[in-house]
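*Asks:* coordinates only, sequence not included:
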């Protein structure tokens, strides 16, 4: 079987669905809070929502699909003008060799960022293709399932008002989630008052869900070390499951120093690329939990290596964001105990008319758990409206 064609389609939808557009309008801490003109909302500086869908065709009539973010519409030119020439007429089952060739060939402009995201989408498509060609789900090709169902955590709890947040947290408990994650509204520029508001947000949720539910919270790269140390001191009594991504991803010294200052586990890695980047995190002893996104860090081929590195260091891997890709990965990875899920909050309106679900047949949590499809490949179909 040989690869005969590679196509990239840009879709004006986010991989995160309605969450992406909603978060552009909410008061959340971000790495641009240090600039007054971009402090109000993420939407003041964020790019337009977009996804690149990569389709790989073969002479056997089998097609595989992979995807990644594409808000800047840059994935198509990278694939069309360069990476495709390394794939045409090649055997699609040679995932290791194809990945290595693409990585080495794109090194002058790649190694991280958009080039790695393009490689990720291609790699995901190759694994989907292998599954469809062999009639097996991807998790079987990755080594077989290590769990029958996948626990997922409810990732939402934005700072939209105390009553709304309490109601939302209560619905997640009732739905069977045993872990949930909130978002912090404030960072260093908001001073002590912002710290108090951050703490009040967490306190409201903890009081609502009780002591038996794990509670994490996301800083989205918006803190600095001094602020993070002080903030974690205030959060210690609330038994946090983790504090996520407090600093910019390259600031590993701050991550490592914060870990030494708090008993709260520190997580990150959603904006890291390749096993080399994650090895640096591990070497620096910078994080307690690694959160790679396979649609950024290199697809399944690299994700397996990252999980192996994490395993040797005794670290869990909890992938960033929901989707079929991460469900198959968690199903086959012993040290990946959880997947992230974005439920629609009880206070939010349903997805607006401009949002279309990109994939059909994507599993939905029941009782805080997801059963992965045993359909060939990734087990999802593209919505024909996209």
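*Replies:* Yes, it's here. Treat the numbers as computed from the prediction; the structure is a model and nothing was measured.
*Asks:* Give me the sheet partners of the helix or strand containing residue 5 and which way each runs.
*Replies:* Using DSSP states H and E, the element containing residue 5 is strand 3-11. Strand 3-11 has the following strand partners under DSSP bridges: strand 51-58 (antiparallel).
*Asks:* sorry, back to before: I'd like the mean pLDDT over the strand holding residue 5, please.
*Replies:* Mean pLDDT, strand 3-11: 97.
*Asks:* next one: phi and psi at residue 88?
*Replies:* The phi and psi torsions at residue 88 (degrees, to the nearest 10) take the values phi -60, psi 130.
*Asks:* Tell me where the stretch 201-350 of the chain has helices.
*Replies:* Listed in chain order, the helices of the stretch 201-350 of the chain (DSSP state H, counting those that start in this stretch) span 225-235, 252-261, 274-283, 294-297, 299-312, 324-331.
*Asks:* what sits up against the last one?
*Replies:* Contact with helix 324-331 is made by 124, 137-139, 142, 145-147, 150, 293-295, 300, 303, 307, 319-320, 336-340, 359, 362-363, 370, 372-373, 378-380, as judged by CB atoms under 8 Å, 6 or more residues apart in numbering. Any C-beta I mention is one placed from the backbone N, CA and C, and that applies to glycine too.
*Asks:* Go again with 7 Å.
*Replies:* For helix 324-331, the external contacting residues (CB atoms under 7 Å, 6 or more residues apart in numbering) are 124, 137-139, 142, 145, 147, 150, 294-295, 300, 303, 319, 336, 339, 359, 362-363, 370, 372, 378-380.
*Asks:* Of those residues, which belong to strands?
*Replies:* Counted as lying in strands by DSSP state E, out of the contacts of helix 324-331, are 150, 339, 359, 370.
*Asks:* Skipping adjacent residues, who's closest to the residue nearest to the spatial centre of the chain in space?
*Replies:* Geometric centre of the chain, nearest residue: residue 320, 2.2 Å, by CA atoms, centre = their mean. Excluding the flanking residues, the one nearest residue 320 by CB to CB, 6 or more residues apart in numbering is residue 270, at 3.6 Å.
*Asks:* Then residue 170?
*Replies:* Distances taken as CB to CB, 6+ apart place residue 208 nearest to residue 170, at 5.7 Å, with adjacent residues excluded.
*Asks:* Which residues are in contact with that neighbour?
*Replies:* Contacts of residue 208 (CB under 7 Å, 6+ apart): 166, 169-170.
*Asks:* which of those residues count as buried?
*Replies:* 166, 169 (16 or more other CB atoms under 10 Å).
*Asks:* For the stretch 1-150 of the chain, just list every one of the helices.
*Replies:* 18-23, 75-81, 95-105, 113-134, 138-141.
*Asks:* Let me have these in JSON lines, extended by mean pLDDT, mean neighbour count and distance to residue 349.
*Replies:* Output for the helices of the stretch 1-150 of the chain, formatted as JSON lines (pLDDT from 0 to 100; neighbours: other CB atoms under 10 Å; distance: least, CB to CB, whole Å):
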{"stretch": "helix 18-23", "mean pLDDT": "87", "mean neighbour count": "20", "distance to residue 349": "9"}
{"stretch": "helix 75-81", "mean pLDDT": "98", "mean neighbour count": "17", "distance to residue 349": "31"}
{"stretch": "helix 95-105", "mean pLDDT": "98", "mean neighbour count": "16", "distance to residue 349": "42"}
{"stretch": "helix 113-134", "mean pLDDT": "98", "mean neighbour count": "25", "distance to residue 349": "31"}
{"stretch": "helix 138-141", "mean pLDDT": "98", "mean neighbour count": "22", "distance to residue 349": "34"}
